[in-house]
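Novice: Okay, here's the prediction I keep looking at, along with the sequence it came from:
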Amino acid sequence: MTTSSDIPQDQIATTTHKRKNKALPGFATILLAVLLVAALIAGTSVLTLGVYTMRQQQQTSPEIVATTTISGAPVTNTVSATLTAVASHTQTVTAQGTVTRDGVKADGQDLPEGTVLAVIDEHPIVALQGNVPAWRSIAPGSSGADVSQLQDALRRLGYSIWDTAGTYGQSTAAAWYHFLSAHGYQPTDAEGNTVAGDAIANTGVPKNTVVFAPLFPLRAANQCGSAGQTATGTICTITSSERTWQLSIAAGILESPKDPIGKHAFNQDSSITGTVGEQIGDTANMNATSTTGDGTASDDANQSGDTSQQSPTQDDAGDQASQTLTYGFTLDDGKSIPVTATSADITVTIATSAKDTLSVDAVAIRGSGKKLWLEAKNGTHISITTDYCYAGRCSFTSNASKAKAGTVVTLPKQDGAA
């Protein structure tokens with residue numbers, strides 16, 4: 001019989017190790033199962049606690065209330081527009097021949113009555129005041145409204161005339177002779193022939209020597225000829241220094257493009273105001289019936305001083321959004337204008353809230369009809385009377401003590417409940 005003492009120690013150790021290894025898989029499985037059950041219980045507890053906490057917060061959190069603030073700012077409806085300066089009078093100057101001296105320049109300077117606008121073949125073209133265009137040559141014995149205008153102009157320039165009004169007699173001829181001589185030009189008869197000093201009574205006014213304009217001072221829109229240039233028609237355009245003003249507003253930004261704006265102020269940083277007048281055009285194209293600036297168009301008339309009246313033309317092919325409505329504009333002070341160029345972008349006030357009113361977001365107003373109110377954060381009702389509403393804002397008046405700028409008011413719930 002073999003005893004344990006007879007078995008080698010290394011065999012005993014190997015046998016013991018194998019028995020332990022057979023026991024380990026069963027223990028590990030049991031331990032893993034215990035851990036999984038514990039984790040499941042813990043997770044379920046955390047989830048239950050989280051749901052409970054969320055429900056508790058929902059039950060205890062206060063309802064969120066939307067608010068807005070009463071303001072002292074006015075409610076204003078404004079539109080962008082262009083303010084354009086338009087000469088009260090525009091006319092062309094025509095001539096035939098060679099320009100022998102530089103004419104007046106388009107430098108913005110006012111040109112008084114008696115200004116020599118251009119010199120053709122050493123004969124001047126003189127600007128004088130009058131409503132009747134210079135349509136002919138004037139010789140001794142001529143009579144008419146143009147002669148009367150010439151006499152009045154020469155008197156204003158300091159010359160004495162005793163001829164019958166409207167009749168070109170000796171004193172009128174003498175006055176014209178001395179005017180030309182004083183400006184360094186050789187007087188001529190009505191046909192352009194030189195007049196000697198002993199034949200002053202023969203002095204006349206050749207055609208295209210005078211330009212009658214109804215308003216003075218004048219301004220040159222472009223230079224009236226350069227020395228050496230050949231004149232074959234229009235050589236320049238002159239305008240009155242007096243300007244009228246027009247507002248151009250895109251039709252698409254008005255509620256109804258055919259409705260007049262009415263009498264409203266125009267605002268700018270300088271605080272100069274004016275009044276919008278009647279509509280005078282349906283588009284931005286304000287075309288003149290003859291050339292008004294470049295002097296390159298042919299001249300259909302055969303006289304100097306053709307006038308051109310500006311008239312609106314409607315672009316029927318354009319859609320409403322592309323059309324521009326044009327209105328007259330009058331300065332309240334009658335003289336100044338806050339622009340130095342011929343046009344400027346401005347803002348026109350179509351309507352505005354009354355003075356000393358408050359304003360608030362329209363969605364904050366509760367009630368209906370004449371019974372309207374705002375609700376303060378503490379639930380107090382603030383009775384109001386609306387004044388003017390535009391673009392989501394309303395101005396109002398109220399006798400309530402809380403009706404003041406800075407007061408916070410609540411908005412009704414989305415379902416419309418007050």
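Specialist: Cool, the structure landed. Residues are numbered from 1 along each chain as shown.
Novice: CA atoms for contacts and neighbours, from now on please.
Specialist: OK.
Novice: wait, what's in contact with Ala87?
Specialist: Thr239, Ser240, Ser241, Glu242, Arg243, Thr244 (Cα atoms under 8 Å, 6 or more residues apart in numbering).
Novice: can you check Trp176 too?
Specialist: Contacts of Trp176 by Cα under 8 Å, 6+ apart are Leu154, Thr203, Gly204.
Novice: Turn the contacts of Ala87 into TSV, columns for pLDDT and neighbour count.
Specialist: What follows is these, written out as TSV (pLDDT from 0 to 100; neighbours: other Cα atoms under 10 Å):
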residue	pLDDT	neighbour count
Thr239	94	26
Ser240	93	22
Ser241	89	21
Glu242	87	16
Arg243	82	15
Thr244	83	15
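Novice: Just the ones of those in strands?
Specialist: Using DSSP state E, Thr239, Ser240, Arg243, Thr244 are the members of those that sit in strands.
Novice: wait, is Thr82 part of a helix?
Specialist: No. Checked against DSSP: H, G, I helix; E, B strand; the rest coil, Thr82 lies outside a helix; its state is strand.
Novice: separation between it and Ala196?
Specialist: As judged by Cα to Cα, to the nearest Å, Thr82 and Ala196 stand 57 Å apart.
Novice: which of the two has more neighbours?
Specialist: The neighbour comparison of Thr82 against Ala196 (other Cα atoms under 10 Å) goes to Thr82, with 17 against 14.
Novice: What residues are recorded as beta-bridge partners of that one?
Specialist: Thr82 has the following beta-bridge partners by DSSP bridges: Ser248, Asp345.
Novice: do Pro124 as well
Specialist: Counting by DSSP bridges, Pro124 is bridged to Val119.
Novice: Check Thr68 too.
Specialist: Beta-bridge partners for Thr68, by DSSP bridges, are Val409.
Novice: For it, grab the count of nearby residues.
Specialist: Quick note: Thr68 (other Cα under 10 Å) scores 16 neighbours.
Novice: these two touch, right, it and Val363?
Specialist: No. With contact defined as Cα atoms under 8 Å, Thr68 does not count as touching Val363 (9.3 Å).
Novice: Surely Ala250 is in contact with Thr82?
Specialist: No. At 9.4 Å, Ala250 and Thr82 do not qualify as touching, with contact defined as Cα under 8 Å.
Novice: Helices along the stretch 151-300 of the chain, start to end?
Specialist: Under the criterion DSSP state H, counting those that start in this stretch, the stretch 151-300 of the chain contains helices at 170-182.
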